[in-house]
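**Student:** Build me a structure from this.
(2 chains)
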Amino acid sequence: MALSTRSNFAKPDDAYRAIAEAHRGLSEAQSADLDAALVLILANHIGDLEVLHEAIALAKRRTLEASQQQQQQQ
Amino acid sequence: MAQSRFQSSKVQSEARFGYRRHADQDRTGGSMAEYPVVVIGAGPVGLSLAVDLAQRGQDVVLLDDADRIGEGSRAICFSKRSLEFWDRLGIGQRMVDKGVVWSVGKIFHGTSQLYQFDLLPEQGHKRPAFINLQQFYAEAYLVDRVQELAGVDLRWRNKVIGLEQHNDHAILTVETPDGPYRIGANYVVACDGARSSLRQMVGAEFAGKVFEDQFLIADVKMAAEFPTERWFWFDPPFHAGRSALLHKQPDDIWRIDLQLNPDADPVAEKQPENVRPRIARMLGHDKFDFEWISLYKFQCRRMDKFIHGRVVFAGDAAHQVSPFGARGANSGLEDAENLAWKLDRVLRKVSPEALLESYHVERSAAADENIRESTRSTDFMAPATRHEARLRKAVLSLAKETEFGKRMINGGRLSIPSIYESPLSTADRDLWRGGPRPGTSMPDAPITAPAGETVYLTDAFIKCGTRFTLLEFVNGALVDPPDGVGVIRIGGEGGFSDSAQLAAARYDAEPGTAYLLRPDGYVAARFRHPTRTALDAALARAAGND
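**Tutor:** All right, here's what the predicted structure looks like:
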């Protein structure tokens, strides 16, 4: 696996806060725009298609499972 | 495809040819005429294929159901590779002399320029990245060339209406103004376009993707001072929310593509009174005349197999792409150059029939690549979902200040020849830092002939006879080339000299380096220090004889 899923930030909370705060005060549409731009910027920074594919696969798997579980609970 | 025509009296965009009864039509029953190759369709692909085959010594019958050229599809961008092919057919210079040479493209978003690219930023190539030339002229020059060659028998208003396949030949029934006749062929090559009737006769599927968005394509005549560049707009002020393309052709004709809404009414949209204000807004004036207006929905699709029994398919008959990227006519011409030498060798029985299978392998992979590239371009221009539109918006906004954003904008990725993963190639054994790997089309470079004049490698290849050719960078110890193989020597006594040092650089050559080129100018094998045994083996493989 080329994608690193270790914890890479010394203070993970800082990274989480930075992303969360970037979205404060934005509408749903503005938030979605921001995310799209962020994904493209970060994907280019990584510059490795294999890592990108793995990241997409992981994100899809987790978000799909999470939404299925939510449906079951309802 | 809905089309309408607005003929201007000043611009010649059509030529008519007469039907002439042929002696073959007087034969009856068992005495039917038989030919090695019958090519169907006198478009750029069929004409070029016929010329190439005739130059190789084959007798070709070329059938076309019309009596004119200049109708139907209207390619305008012809690539460097296509021009190099046409050089081999003796008409490259005529095309370039008439065409509009270009290599720069610009991409705009709204009113601001986002990105500029140069498709051939380096010197030392005989041919430019592209010329724009109306398909009509290309076909007219090819017809002139055909008429110089005794080997091509071009028959207008000969429409193929029947096909009978046999083990080692096919029989065609051909309808003419004088009624039908039959003609036999060892091989039939169908270059009869996207609506190929031969494809229907062999019962082949032609499935793929249809894009919902409609594009309006117009050729307008006007005196204008725009540079000879390809200009592409996303969301231009004159066509809000959609995309547009402007491109120059000879004779003061300009090609304009406008993306319409998927629900636009095709009949209303192409009425000149509706098109005119749009284009006037784009150009800033209305001093122009329409040459042609057409509405398209693009399709990307290909046949599963390019060979069905004795019928080989080439060009739009075999594969179709959207036009952003100039991959239609150019890939058809690449089909023709790929097929001609193989068919010639099979007909002369110096290679087995199986060599033709490599045509399918190489060119169907190229079709897949062209479809992939043009699908990506079309998807970028017409995002399929709201999220895709959002991603594209992000790319366009990032492009204002980042290099990666500029390069991610897809306003058409222009045609370059595919690199073949081919059974005809001999894998590299030596260490290479660059240069064309096997399966790549030969890069050009200027070289100096012994008499002192500058020529190009592509010229030298033609002078060698457009056959298997050994390109040697001499180190004193020369290898005897196999029989029938041409030789281009760089360095040594009587050889060309690499005075600009571009040939060695582009081929990653050291003294002793040799490339074996195929008759279509693609690299079959390369060696740091070739031996005769290695060359013989590479040649046998490339000719389908191993």
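
**Student:** Quick one: distance of stretch B:509-519 to the chain centre.
**Tutor:** Chain-centre distance of stretch B:509-519: 26 Å, with CA atoms, centre = their mean, to the nearest Å.

**Student:** hey, where'd the strands end up in the stretch 251-400 of chain B?
**Tutor:** Counting by DSSP state E, counting those that start in this stretch, the stretch 251-400 of chain B has strands at residues B:253-260, B:289-302, B:307-308, B:311-313, B:319-320.

**Student:** partners of the first one in the sheet?
**Tutor:** Strand pairing for strand B:253-260, determined by DSSP bridges: strand B:208-221 (antiparallel), strand B:243-249 (antiparallel).

**Student:** For it, give me every contacting residue.
**Tutor:** Strand B:253-260 is contacted from outside by B:11, B:76, B:132, B:134, B:213-222, B:224, B:226, B:239, B:242-249, B:269, B:278-279, B:282, B:288, B:291, B:295, B:323, B:381-382, using CB atoms under 8 Å, 6 or more residues apart in numbering or on different chains. C-beta here means a position set from N, CA and C on the backbone, and glycine is covered the same way.

**Student:** For residue B:111, the count of nearby residues, please.
**Tutor:** Counted by other CB atoms under 10 Å in any protein chain shown, the residues lying close to residue B:111 total 10.

**Student:** right, and it touches residue B:237 too?
**Tutor:** Yes. At 5.7 Å, residue B:111 counts as touching residue B:237 under the criterion of CB atoms under 8 Å.

**Student:** can you count the residues close to residue B:144?
**Tutor:** Counted with other CB under 10 Å, residues neighbouring residue B:144 total 11.

**Student:** So it versus residue A:23, what's the distance?
**Tutor:** Distance, residue B:144 to residue A:23, using CB to CB, to the nearest Å: 66 Å.

**Student:** Kindly report the same for residue B:257.
**Tutor:** The value you get for residue B:257 to residue A:23, if CB to CB is used, is 38 Å.

**Student:** Settle it for me: which of those two has more neighbours?
**Tutor:** Set side by side, residue B:257 and residue A:23 show more neighbours around residue B:257, with 19 against 15, by other CB under 10 Å.

**Student:** before we move on, the earlier item: which of the contacts of strand B:253-260 are buried?
**Tutor:** With neighbours counted by 16 or more other CB atoms under 10 Å in any protein chain shown, the contacts of strand B:253-260 contain buried members at B:11, B:76, B:132, B:134, B:213-221, B:224, B:239, B:242-249, B:269, B:278-279, B:282, B:288, B:291, B:295, B:323, B:381-382.

**Student:** pLDDT weak spots in the chain?
**Tutor:** Assuming you mean chain A. Across chain A, the ranges flagged by pLDDT under 70 are A:74.

**Student:** let's do chain B instead
**Tutor:** B:1-14, B:29, B:71-73.

**Student:** Show me what from it comes close to chain A.
**Tutor:** Proximity of chain B to chain A is confined to B:387, B:390-391, B:393-395, B:397-398, B:402, B:404-405, B:408 under the rule CB under 8 Å from any CB of the partner chain.

**Student:** Quick one: name the residues of chain A near chain B.
**Tutor:** By CB under 8 Å from any CB, the residues of chain A that approach chain B are A:32-33, A:36-37, A:40-41, A:44.

**Student:** for the chain, what spans make up the helices?
**Tutor:** Picking chain A for this. Using DSSP state H, the helices of chain A run over A:12-22, A:28-46, A:49-73.

**Student:** Can you look at chain B instead?
**Tutor:** Under DSSP H, chain B gives helices at B:44-55, B:80-88, B:92-98, B:135-148, B:197-201, B:266-269, B:272-283, B:329-347, B:355-381, B:386-398, B:403-408, B:457-463, B:502-506, B:532-542.

**Student:** For residue B:78, see how far away the residue positioned nearest the centre of chain A is.
**Tutor:** Within chain A, one residue has its C-alpha closest to the average C-alpha position: by CA atoms, centre = their mean, that is residue A:59, at 7.1 Å. To residue B:78, residue A:59 is 44 Å away according to CB to CB.

**Student:** do residue B:256 as well
**Tutor:** According to CB to CB, residue B:256 stands 19 Å off from residue B:78.

**Student:** And those two? Which one has more around it.
**Tutor:** residue B:78 (28 against 20).

**Student:** OK, contacts around the more buried one?
**Tutor:** Contacts of residue B:78 by CB under 8 Å, 6+ apart are B:86, B:95, B:99, B:130-133, B:138, B:326, B:329-330, B:333.

**Student:** Go through the residues you listed and say which is closest to chain A.
**Tutor:** Chain A has its nearest neighbour among the contacts of residue B:78 in residue B:326, at 26.2 Å by CB to the nearest CB.

**Student:** With adjacent residues omitted, what lies nearest to that closest one?
**Tutor:** Of all residues not flanking residue B:326 in the chain, residue B:77 sits nearest, at 3.6 Å (CB to CB, 6 or more residues apart in numbering or on different chains).

**Student:** what's near enough to touch the one you found?
**Tutor:** B:130-132, B:247, B:326, B:329-330, B:414-415 are the contacts of residue B:77 under CB under 8 Å, 6+ apart.

**Student:** can you pull the buried residues of stretch B:206-213?
**Tutor:** B:206, B:211, B:213.

**Student:** Repeat that for stretch B:305-324.
**Tutor:** Residues of stretch B:305-324 classed as buried by neighbour count (16+ other CB under 10 Å): B:306-308, B:310-324.

**Student:** same thing with stretch B:251-266?
**Tutor:** Across stretch B:251-266, burial judged by 16+ other CB under 10 Å covers B:251, B:253-260, B:264.

**Student:** on that earlier part again, now the contacts of residue B:78 as JSON lines including distance to residue B:193?
**Tutor:** Below are the contacts of residue B:78 laid out as JSON lines (distance: CB to CB, whole Å):
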{"residue": "B:86", "distance to residue B:193": "20"}
{"residue": "B:95", "distance to residue B:193": "21"}
{"residue": "B:99", "distance to residue B:193": "22"}
{"residue": "B:130", "distance to residue B:193": "23"}
{"residue": "B:131", "distance to residue B:193": "22"}
{"residue": "B:132", "distance to residue B:193": "21"}
{"residue": "B:133", "distance to residue B:193": "19"}
{"residue": "B:138", "distance to residue B:193": "15"}
{"residue": "B:326", "distance to residue B:193": "17"}
{"residue": "B:329", "distance to residue B:193": "11"}
{"residue": "B:330", "distance to residue B:193": "15"}
{"residue": "B:333", "distance to residue B:193": "14"}
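
**Student:** Make CSV out of the residues of chain A next to chain B and add neighbour count.
**Tutor:** What follows is the residues of chain A next to chain B, written out as CSV (neighbours: other CB atoms under 10 Å in any protein chain shown):
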residue, neighbour count
A:32, 17
A:33, 17
A:36, 21
A:37, 18
A:40, 19
A:41, 15
A:44, 16
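
**Student:** how about those residues, which pair is most distant?
**Tutor:** Greatest spatial distance among the residues of chain A next to chain B (CB to CB): A:32 and A:44, at 19.1 Å.

**Student:** picking that back up, which two of the residues of chain B next to chain A have the greatest separation?
**Tutor:** The span of the residues of chain B next to chain A, defined through CB to CB, is set by B:387 and B:402 at 21.0 Å.

**Student:** Between the two, which is the more surrounded one?
**Tutor:** In this view residue B:387 and residue B:402 are compared by other CB under 10 Å, and residue B:402 has more residues nearby, 15 against 11.
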